[in-house]
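J.: structure for the following, please:
(2 chains)
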Amino acid sequence: DTAVSQTPKYLVTQMGNDKSIKCEQNLGHDTMYWYKQDSKKFLKIMFSYNNKELIINETVPNRFSPKSPDKAHLNLHINSLELGDSAVYFCASSQAGGHEQYFGPGTRLTVT
Amino acid sequence: QKEVEQDPGPLSVPEGAIVSLNCTYSNSAFQYFMWYRQYSRKGPELLMYTYSSGNKEDGRFTAQVDKSSKYISLFIRDSQPSDSATYLCAMRGSARQLTFGSGTQLTVLP
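T.: Residues are numbered from 1 along each chain as shown, chains lettered A, B, ... in the order given. Below is the predicted model of the structure:
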């Protein structure tokens, strides 16, 4: 019974393409996040989303756009993919004000 | 300078050793301090959480926070091969977003 799930697990695509990664949580949390983990394991917040309030990390290019159809889902859409977008993307969720974030298994994106 | 600096490792120890993992930070607004463990090709999972300064113990794991020095530590006693993973410190202030260290890769040799 997976708490935070992501699809796909692996994504290989060419530069210039548009792709989406989906995330779902069944924990009843009201805050969801997207993180990017680079090849050196550095984990950096991209977005957090709580009750339709979106907080964007200012360093994230506007080619990245989160979309939340409801509290349990937060998808990540990426336009015009670049080589530097290759990384592992993690979705996470938490209760509002909670310190414990539950992470999904990650989506390994490779841009060729 | 990064907000959170973590000893990069990698760290390799024999089974049964005491392991010390450390992070320093520069943002005095940080109040909540966490350690996450990440196994290879998995998502991070919360190991320990501490609010403000002090110690917290959970089994073989002890987390310490010294806010005056802006320094946090995680100690693992009687380390086991199953402890082999990357350990990430994380912290936050009043905002929900976490700031992570770059992680220390630990290998415990049987």
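J.: for chain B, what lies in contact range of chain A?
T.: B:32, B:34, B:38, B:41-46, B:49, B:51, B:86, B:88, B:92, B:95-100, B:102-103, B:105 (C-beta under 8 Å from any C-beta of the partner chain). Backbone N, C-alpha and C define where each C-beta goes, glycine included.
J.: which PyMOL command selects the buried ones in these?
T.: The PyMOL selection below is limited to those of the residues of chain B next to chain A classed as buried (16 or more other C-beta atoms under 10 Å in any protein chain shown):
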select buried, chain B and resi 32+34+38+43+44+46+49+86+88+92+96+97+98+99+100+102+103+105
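J.: take the residues of chain B next to chain A and keep only those in strands.
T.: Among the residues of chain B next to chain A, DSSP state E puts B:32, B:34, B:38, B:45-46, B:49, B:51, B:86, B:88, B:92, B:99-100, B:105 in strands.
J.: let me know the closest of the residues you listed to residue B:19.
T.: residue B:105 (11.8 Å; C-beta to C-beta).
J.: and the residue lying closest to that closest one once chain neighbours are set aside, what does it touch?
T.: Among residues not flanking residue B:105 along the chain, residue B:10 sits closest, at 4.1 Å (C-beta to C-beta, 6 or more residues apart in numbering or on different chains). By C-beta atoms under 8 Å, 6 or more residues apart in numbering or on different chains, the residues touching residue B:10 are B:104, B:105, B:106, B:107.
J.: rewinding a little: tell me the two of the ones in strands among the residues of chain B next to chain A that are most distant?
T.: The widest separation within these (C-beta to C-beta) is 27.2 Å, between B:51 and B:105.
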